[in-house]
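Undergrad: sequence and computational prediction follow.
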Amino acid sequence: MATSARIPSAILALGLLTAQVSAAYENPLDPISVREAYFLGQRNDDKLAEFLAQYVKRLPLPKQGPHIAEIELRTPYEQVVVRSHQHSMGYSAQQAEKDYRAQSDLIVLRVQINLTPTYSGYSVQTTPGSAQPRPEDFWRDFSIRLIQDKPITPKKITGRPLYRGRLRPYSGVDVELEFETVQISSGPVRVEVLTPEGQSVDVEFDLEKLR
């Protein structure tokens with residue numbers, strides 16, 4: 001009786017372990033995972049929203065200075081989901097597989113920096129009345145680091161201005177840092193953002209819990 005009672009427990013433990021492994025950061029993705037991510041991206045419901053929310057940290061508006069509004073860590077699996085959702089019309093599972101193979105070795109860190117009343121689109125000069133428009137590449141004054149045991153060097157960094165409307169000045173910027181998947185292992189990673197004024201934002205993602 002004791003032996004037979006232990007068998008279901010062992011099976012249950014194995015099942016839980018399998019579920020944990022399947023939910024962890026995958027690299028590279030097999031065709032089944034790519035197809036699964038494609039169909040998840042084709043949805044437009046709470047399941048998709050809950051999945052994507054795991055990959056984004058939304059931060060409160062500070063009392064002063066720039067607003068580090070969002071920090072998103074985009075794994076290869078999440079990228080397949082997002083591409084599928086953005087190209088829902090006429091986008092096939094075969095195309096999703098092709099697009100994934102074209103950039104399967106990337107993890108992307110996205111940091112959204114918004115301007116605020118105390119860190120506006122104009123930089124304050126020492127001479128009165130000499131304020132100049134803040135350059136769109138102001139994000140270069142920020143330090144953004146992805147850390148796993150030690151800082152990881154990105155292979156590429158780009159910035160894209162954000163606009164609230166066509167006739168309005170830019171409201172902020174999306175900064176994207178690209179890393180090779182071989183640089184990052186499954187486990188916790190930390191993102192550190194340091195503003196020019198010395199304000200620090202620090203968040204963590206656990207790649208053992210993200211696909």
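TA: Looks like it came in fine. Numbers count the residues shown, from 1 in each chain.
Undergrad: got the contact list for the closest residue to residue 103 other than its chain neighbours?
TA: In space, and not counting its chain neighbours, residue 103 is closest to residue 79: 7.6 Å by Cβ to Cβ, 6 or more residues apart in numbering. Glycine gets a C-beta too; all of them are placed from N, C-alpha and C. With contact taken as Cβ atoms under 8 Å, 6 or more residues apart in numbering, residue 79 is in contact with 100, 103, 106, 108.
Undergrad: tell me the two of those that are most distant?
TA: Spatial extent of the contacts of residue 79 (Cβ to Cβ) is set by the pair 100 and 108 at 13.4 Å.
Undergrad: tell me where this protein has strands.
TA: Applying DSSP state E to the chain gives strands spanning 56-58, 67-74, 106-114, 122-123, 132-133, 143-148, 150-152, 156-163, 170-180, 188-194, 200-206.
Undergrad: among these, which is nearest residue 50?
TA: Of all the strands of the chain, it is strand 56-58 that lies closest to residue 50, at 11.6 Å by Cβ to Cβ.
Undergrad: residues making contact with the closest one?
TA: Contacts made with strand 56-58 from outside it, assessed by Cβ under 8 Å, 6+ apart, are listed as 69-72, 191, 203, 205.
Undergrad: return the member of these nearest to residue 133.
TA: Using Cβ to Cβ, residue 69 comes nearest to residue 133 of the contacts of strand 56-58, at 20.9 Å.
Undergrad: could you give the number of residues near that closest one?
TA: Counted with other Cβ atoms under 10 Å, the neighbours of residue 69 add up to 18.
Undergrad: distance check, the closest residue to residue 66 other than its chain neighbours against residue 171.
TA: Counting by Cβ to Cβ, 6+ apart, the nearest residue to residue 66 once its immediate chain neighbours are dropped is residue 119, at 4.2 Å. Noted for residue 119: a distance of 12 Å to residue 171, by Cβ to Cβ, to the nearest Å.
Undergrad: do the same with residue 97
TA: Relative to residue 171, and taking Cβ to Cβ, residue 97 is found at 36 Å.
Undergrad: the two: who's more crowded?
TA: Taking other Cβ under 10 Å, residue 97 and residue 171 do not tie; residue 97 has more neighbours (18 against 14).
Undergrad: ok, and the closest non-adjacent residue to the more buried one?
TA: The shortest distance from residue 97 to any non-neighbouring residue, by Cβ to Cβ, 6+ apart, is to residue 34 (5.1 Å).
Undergrad: what's the neighbour count on the one you found?
TA: Taking other Cβ under 10 Å as the criterion, the count of residues near residue 34 is 23.
Undergrad: isn't it right up against residue 98?
TA: No: counting by Cβ atoms under 8 Å, no contact exists between residue 34 and residue 98, whose distance comes to 9.7 Å.
Undergrad: my read: residue 189 touches residue 207, true?
TA: Yes: in this structure, residue 189 sits in contact with residue 207. The criterion is Cβ under 8 Å, and the distance is 6.2 Å.
Undergrad: more crowded one of the two?
TA: When residue 189 is set against residue 207 and neighbours are counted by other Cβ under 10 Å, the residue ahead is residue 189, at 23 against 20.
Undergrad: tell me the bridge partners for that one.
TA: residue 205 (DSSP bridges).
Undergrad: contacts only, for it.
TA: For residue 189, the contacting residues are 73, 146-148, 204-207, by Cβ under 8 Å, 6+ apart.
Undergrad: cool, thanks, talk later.
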